[in-house]
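**Student:** what would the 3D arrangement of this be:
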Amino acid sequence: MIPVNRCLPACLAALTLLSAAPGASSATRAAQLDAPDLILYHGTIHTLDADDSTVQAIAVARGRIVARGTDREMLELATPTTRRIDLEGRAATPGLIDSHAHIADAGVGMLYHVSLSDAHTVGEVVARVRAGVAKLEPGQWLQGEGWDEGKLAEHRYVTAADLDAASPRNPVWLLHTTGHYGVANTLALREAHIEPASKDPPAGTIDRDAAGRPSGVLKESAMDAVVNLIPPPTPAQRRAGILASIELMHREGMTGVKDPDIDRATWDAYAELLRQGALAAHVCVLWHAGSTLESARSALAEIVQHPRPPASLGEGRLVSCGAKIYMDGSGGARTGWVYADWNRHFSEVDTGNRGYPAEDPQVYRAMVRLFHHAKVHVGTHAVGDRAIDWVVDSYAQALTEEPISGLRHSIIHANIPTDHALEVMATLQKRYDAGYPELQAPFMWWIGDTYAGNYGPERSPRLVPLRTMVSRGIRFSGGSDNFVTPLPARYGLWASLERETLQGTYGAHPFGTAEAVDVHAALRSYTRWAAPQLFLERQIGSLEVGKDADVAVWESDPYTIPGRDLKNLRCALTVFEGKVVYDAHASAGERR
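**Tutor:** Numbering: from 1, shown residues only. Now for the predicted structure:
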């Protein structure tokens, strides 16, 4: 924490004047005040504090907010060296926080892999593979990501048969946008020893054609046979990927992120960027815990080498937050663990398919106990209702056996929680400061057509039940799960209100709008409700005296524009720890 330990007479006098000013309570509480090096003024600054108050201006010294109030009050604190930025009436909020985004992996994909997220036909996918292969030597792997059968005109998987003619001499792996399945060409299948006689691995599926031959599509653990053959990115590529993602965050008014499921190589990339002074974001990471007690113990051995939250490296820039476990698969792959058979094409039933757990449920419960006993935060991926029930009950059991408050164990995705799960979440939050859903409203948009087809008419209306959570006092945080959906948080704000799919294959609103929330709740889920899930609520999440000056300035006021326009909300300026890291108008040749 940066100390605020110098008090200027002029500032103290100004604070005396502020004591009677409405809306300036934070300034009056400041016992000491450094001379501001930055003042943002002439704005509509939504602080997202407990009262959701709005001020005109804030003063910043050494990266922290030292006062807030009216334009006149803040400008009176300026010295000849203070930088003044006129917001020209624009709205501002705290820098937005994504509580679940794989920005390291997504950045590598953005820079080095073939992008398929905007492909509309199988032919487009094949054409991009062919173009990518033309740049490679024979035998080199081609990687792509982002395809989604819900966006393809054919409404079917891409298969090895589609890819083989485009890449006969290079192995190909194309990851689906969900990250829970992908497709390999025949050469890659051959190198992975996947044959017609191959059996499904535990917690995995080898998709097959009508004749029983592998189609090339591999789900969950079945992907490992191929993925483990692909050379990993170099340390320089990892660092470049992280920087590319953070640059995008800044353009979108985002200053914090929780990157789940990392390994040592990714941690080293973050740590090196921090050492270089290049990590201009608050990053909390979850370590990959695998699916066995042995892998969980290995993850724990790594975790205990680093400061425990809320302690961090770089004064909140890099936090080793805890461990990530998977309880089930994906709503896109129909591998999530559910009580009733999955659907196909919305109204059809995928008879006999209720998904499956990612590991033996009792092993999962033992893994939770291991981390909980070690006082380590656990984030568990769970999309299916049965998986979510098992996760919250496992947390409840561990907390009853050993009542440790403040670990904030989370349920990642929590797509279709039962009433039981919601009740347990509410209880765990009140009793133990745990049981927090980390949700992705953009799922309803970006992969919403695939999701609606798989969840079907009964489950779809209760997907991502934000309004119910608000009504029950359940705190949730928002995120993108990038690379699964695009990183900009504005899409999550919009989807929280509109719940609209991308293609409208089953209508624009197959999930209904009964579970929509207003913009105030949506924005809190990306600010003050997200910050605790990074263990940084004392530093970020609201614009209050003593907190980091992480500020997003917008071309439109998110509180007043129609909800449908949040999707196109444009960032004008991003400030991270008191430094301007993005200025849209400076980029256009203007100067502030």
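
**Student:** so who does the spatially closest residue to His180 that is not a sequence neighbour touch?
**Tutor:** Residue nearest to His180 in three dimensions, not counting chain neighbours: Ser330, with 3.4 Å by C-beta to C-beta, 6 or more residues apart in numbering. Where you see a C-beta, it was placed from the backbone N, CA and C, and this is true even at glycine. By C-beta atoms under 8 Å, 6 or more residues apart in numbering, the residues touching Ser330 are Thr178, Gly179, His180, Tyr181, Lys219, Glu220, Gly336, Val383.

**Student:** 10 Å instead?
**Tutor:** The contact partners of Ser330, by C-beta atoms under 10 Å, 6 or more residues apart in numbering, come to 176, 178-181, 219-220, 336, 355, 381, 383-384, 413, 415, 447, 450-451, 454, 484.

**Student:** show the pLDDT at it.
**Tutor:** Here the pLDDT value assigned to Ser330 is 97.

**Student:** could you look up the SS state of it?
**Tutor:** Following DSSP: H, G, I helix; E, B strand; the rest coil, Ser330 is assigned to coil.

**Student:** chain neighbours aside, what residue packs nearest to Thr513?
**Tutor:** Leaving aside its sequence neighbours, Thr513 sits nearest to Arg499 (C-beta to C-beta, 6+ apart; 5.5 Å).

**Student:** what count of nearby residues applies to that neighbour?
**Tutor:** 26 (other C-beta atoms under 10 Å).

**Student:** quick check: it touching Ala522?
**Tutor:** No - with contact defined as C-beta atoms under 10 Å, Arg499 does not reach Ala522; the gap is 11.4 Å.

**Student:** give me the common contacts of those two.
**Tutor:** Joint contacts of Arg499 and Ala522 (C-beta under 10 Å, 6+ apart) are Ala441, Leu466, Ala516.

**Student:** which parts of the stretch 351-500 of the chain are helices?
**Tutor:** For the stretch 351-500 of the chain, the helices defined by DSSP state H, counting those that start in this stretch occupy 361-373, 385-401, 419-432, 443-446, 448-459, 466-471, 489-498.

**Student:** can you say which of the contacts of Ser330 are buried?
**Tutor:** Buried subset of these (neighbour count, 16 or more other C-beta atoms under 10 Å): 176, 178-181, 219-220, 336, 355, 381, 383-384, 413, 415, 447, 450-451, 454, 484.

**Student:** okay, now the unreliable bits of this protein?
**Tutor:** The chain contains residues with pLDDT under 70 at 1-33, 587-592.

**Student:** the closest residue to Tyr326 other than its chain neighbours: what's it in contact with?
**Tutor:** Distances taken as C-beta to C-beta, 6+ apart place Ala358 nearest to Tyr326, at 4.0 Å, with adjacent residues excluded. Going by C-beta under 10 Å, 6+ apart, Ala358 touches 202-204, 220-221, 290-291, 325-329, 335-337, 364, 380-382, 387.

**Student:** buried only: go through those for me.
**Tutor:** 203-204, 220-221, 290-291, 325-329, 335-337, 364, 380-382, 387.

**Student:** and the most centrally placed residue in the chain, helix, strand or coil?
**Tutor:** Centroid check for the chain by C-alpha atoms, centre = their mean gives His100 as the closest residue, at 2.4 Å. Classification of His100 using three-state DSSP returns coil.

**Student:** how near is it to Ala106?
**Tutor:** Remark: distance between His100 and Ala106 (C-beta to C-beta, to the nearest Å) = 12 Å.

**Student:** ok, now which ones touch the closest residue to Pro437 other than its chain neighbours?
**Tutor:** The shortest distance from Pro437 to any non-neighbouring residue, by C-beta to C-beta, 6+ apart, is to Ala414 (4.0 Å). By C-beta under 10 Å, 6+ apart, the residues touching Ala414 are 380-383, 385, 387-388, 391-392, 421-422, 425, 436-440, 464-465, 469, 474, 476.

**Student:** go on, Tyr356?
**Tutor:** By C-beta under 10 Å, 6+ apart, Tyr356 lies in contact with 200, 202-205, 220, 328-329, 335-338, 384, 386-387.

**Student:** and for Ile411?
**Tutor:** Going by C-beta under 10 Å, 6+ apart, Ile411 touches 327, 378-383, 387-388, 391-392, 395, 417, 421, 424-425, 428, 435-439, 476.

**Student:** that one pairs with what?
**Tutor:** Beta-bridge partners for Ile411, by DSSP bridges, are Thr380, Pro437.

**Student:** which residues touch His520?
**Tutor:** Contacts of His520 (C-beta under 10 Å, 6+ apart): His46, Leu48, Asp52, Val470, Pro558, Tyr559.

**Student:** from those residues, which single one is nearest Val126?
**Tutor:** Set against Val126, the nearest of those by C-beta to C-beta is Pro558 (40.7 Å).

**Student:** where do the helices sit along the stretch 51-200 of the chain?
**Tutor:** Going by DSSP H, counting those that start in this stretch, the stretch 51-200 of the chain shows helices at 71-75, 103-112, 122-133, 160-163, 186-191.

**Student:** mind putting these in TSV, mean neighbour count and distance to Arg369 included?
**Tutor:** Formatted as TSV, the helices of the stretch 51-200 of the chain follow (neighbours: other C-beta atoms under 10 Å; distance: least, C-beta to C-beta, whole Å):
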stretch	mean neighbour count	distance to Arg369
helix 71-75	20	51
helix 103-112	23	29
helix 122-133	17	44
helix 160-163	21	42
helix 186-191	20	39
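
**Student:** so which of those gets nearest Ala240?
**Tutor:** Closest to Ala240 of the helices of the stretch 51-200 of the chain is helix 103-112 (C-beta to C-beta; 5.9 Å).

**Student:** packing partners of the closest one?
**Tutor:** If you count contacts as 3 or more C-beta pairs under 10 Å, 6 or more residues apart in numbering; DSSP states H and E, helix 103-112 packs onto strand 142-147, helix 235-251, strand 254-262, helix 264-275, strand 282-288.
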